[in-house]
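Undergrad: build me a structure from this.
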Amino acid sequence: KKEYFEKLLNKIPNAIAVTRVEDPWNYGVVSPDNSDNIIELVEKPERGKEPSNLINAGIYYFKPKIFEAIKETPLHAKGEYYITDSIMLLIKKFKEKIATVEIKEPKHISTPEDIKKIMS
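TA: Residues are numbered from 1 along each chain as shown. As a prediction, the model looks like this:
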(Lines give C-alpha, C1' and ligand atoms only; values in the text may rest on other atoms or scores of the structure.)
Protein backbone atom coordinates (compact mmCIF):
# COMPACT_ATOMS: atom_id res chain seq x y z
CA LYS A 1 0.00 0.00 0.00
CA LYS A 2 3.04 2.23 0.02
CA GLU A 3 2.23 2.79 -3.64
CA TYR A 4 -0.54 5.17 -2.51
CA PHE A 5 2.10 7.54 -1.18
CA GLU A 6 4.24 7.07 -4.26
CA LYS A 7 1.27 7.90 -6.50
CA LEU A 8 0.58 11.05 -4.47
CA LEU A 9 4.18 12.16 -4.62
CA ASN A 10 4.23 11.69 -8.39
CA LYS A 11 1.36 14.16 -8.79
CA ILE A 12 2.66 17.68 -9.07
CA PRO A 13 2.01 20.11 -7.58
CA ASN A 14 -0.88 18.97 -5.32
CA ALA A 15 -2.81 15.75 -4.74
CA ILE A 16 -5.40 14.17 -2.47
CA ALA A 17 -6.12 10.48 -1.94
CA VAL A 18 -9.76 9.61 -2.59
CA THR A 19 -11.80 6.45 -2.26
CA ARG A 20 -15.31 5.29 -3.21
CA VAL A 21 -17.91 4.67 -0.50
CA GLU A 22 -21.59 3.82 -0.22
CA ASP A 23 -22.29 6.63 2.30
CA PRO A 24 -20.48 9.72 0.96
CA TRP A 25 -22.68 12.13 2.95
CA ASN A 26 -20.66 11.18 6.05
CA TYR A 27 -17.40 12.56 4.61
CA GLY A 28 -15.81 15.30 2.55
CA VAL A 29 -17.01 14.48 -0.97
CA VAL A 30 -14.84 15.13 -4.03
CA SER A 31 -16.06 15.98 -7.51
CA PRO A 32 -13.25 15.58 -10.08
CA ASP A 33 -13.13 16.81 -13.68
CA ASN A 34 -12.25 14.58 -16.65
CA SER A 35 -8.54 14.91 -15.80
CA ASP A 36 -9.11 13.75 -12.20
CA ASN A 37 -8.48 17.23 -10.80
CA ILE A 38 -10.81 18.40 -8.05
CA ILE A 39 -13.43 20.93 -9.06
CA GLU A 40 -15.48 20.69 -5.87
CA LEU A 41 -15.02 19.39 -2.34
CA VAL A 42 -18.03 19.47 -0.03
CA GLU A 43 -17.80 18.62 3.66
CA LYS A 44 -20.57 16.22 4.72
CA PRO A 45 -23.17 17.22 2.13
CA GLU A 46 -26.83 16.57 2.68
CA ARG A 47 -27.75 12.96 1.93
CA GLY A 48 -28.79 12.67 -1.70
CA LYS A 49 -27.01 15.90 -2.69
CA GLU A 50 -23.43 14.65 -2.72
CA PRO A 51 -21.64 15.41 -6.02
CA SER A 52 -20.13 11.89 -6.26
CA ASN A 53 -19.33 8.83 -4.17
CA LEU A 54 -15.62 9.75 -4.01
CA ILE A 55 -14.50 10.93 -0.60
CA ASN A 56 -11.41 12.65 0.72
CA ALA A 57 -9.46 9.74 2.20
CA GLY A 58 -7.28 11.93 4.43
CA ILE A 59 -3.88 11.79 2.70
CA TYR A 60 -2.63 15.03 1.15
CA TYR A 61 0.34 16.26 -0.82
CA PHE A 62 0.46 20.05 -1.17
CA LYS A 63 3.04 22.59 -2.12
CA PRO A 64 3.49 25.44 0.41
CA LYS A 65 0.72 27.58 -1.16
CA ILE A 66 -1.73 25.59 1.02
CA PHE A 67 -0.51 27.58 4.04
CA GLU A 68 -1.63 30.83 2.42
CA ALA A 69 -5.06 29.27 1.85
CA ILE A 70 -5.20 28.03 5.45
CA LYS A 71 -4.44 31.56 6.74
CA GLU A 72 -7.45 32.83 4.79
CA THR A 73 -9.80 30.02 5.77
CA PRO A 74 -12.79 31.32 7.72
CA LEU A 75 -14.04 29.72 10.91
CA HIS A 76 -16.92 27.37 10.11
CA ALA A 77 -20.30 27.88 11.77
CA LYS A 78 -19.57 24.82 13.95
CA GLY A 79 -16.56 26.63 15.47
CA GLU A 80 -13.97 24.64 13.51
CA TYR A 81 -11.66 25.24 10.58
CA TYR A 82 -12.31 22.82 7.73
CA ILE A 83 -9.43 21.66 5.54
CA THR A 84 -12.04 21.31 2.80
CA ASP A 85 -12.56 25.09 2.91
CA SER A 86 -8.80 25.63 2.64
CA ILE A 87 -8.61 23.26 -0.31
CA MET A 88 -11.43 25.05 -2.11
CA LEU A 89 -9.65 28.38 -1.53
CA LEU A 90 -6.51 26.85 -3.00
CA ILE A 91 -8.48 25.89 -6.10
CA LYS A 92 -10.71 28.95 -6.53
CA LYS A 93 -8.63 31.87 -5.26
CA PHE A 94 -5.08 30.65 -5.81
CA LYS A 95 -5.91 28.82 -9.07
CA GLU A 96 -4.08 25.66 -8.04
CA LYS A 97 -4.89 22.28 -9.54
CA ILE A 98 -5.34 19.40 -7.12
CA ALA A 99 -5.14 15.90 -8.55
CA THR A 100 -6.94 12.89 -7.13
CA VAL A 101 -5.30 9.53 -6.49
CA GLU A 102 -7.78 6.73 -5.89
CA ILE A 103 -7.00 4.23 -3.14
CA LYS A 104 -8.94 1.13 -2.07
CA GLU A 105 -8.25 0.71 1.66
CA PRO A 106 -8.53 2.11 4.25
CA LYS A 107 -11.55 4.17 3.32
CA HIS A 108 -10.62 7.13 5.51
CA ILE A 109 -7.30 7.86 7.17
CA SER A 110 -7.60 9.85 10.36
CA THR A 111 -5.30 8.23 12.93
CA PRO A 112 -1.65 7.17 13.14
CA GLU A 113 -2.89 3.56 13.28
CA ASP A 114 -4.53 4.02 9.86
CA ILE A 115 -1.18 5.13 8.41
CA LYS A 116 0.59 2.15 10.01
CA LYS A 117 -1.91 -0.19 8.31
CA ILE A 118 -1.05 1.31 4.94
CA MET A 119 2.68 1.11 5.51
CA SER A 120 2.67 -2.54 6.61
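
Undergrad: most centrally placed residue in the chain?
TA: residue 56 (3.8 Å; Cα atoms, centre = their mean).

Undergrad: now that residue: phi and psi?
TA: Dihedral pair for residue 56: phi -70, psi 120, per degrees, to the nearest 10.

Undergrad: ok, the residue lying closest to it once chain neighbours are set aside - how many residues close by?
TA: Spatially, and ignoring its direct neighbours in sequence, residue 56 is nearest to residue 28 (3.9 Å; Cβ to Cβ, 6 or more residues apart in numbering). To be clear about C-beta, it is placed using only N, CA and C from the backbone, and glycine gets the same treatment. Residues near residue 28, counting by other Cβ atoms under 10 Å, number 22.

Undergrad: wait, residue 28 touches residue 57, no?
TA: No. Counting by Cβ atoms under 8 Å, residue 28 stays clear of residue 57, with 9.3 Å between them.

Undergrad: many thanks, I have nothing further to ask.
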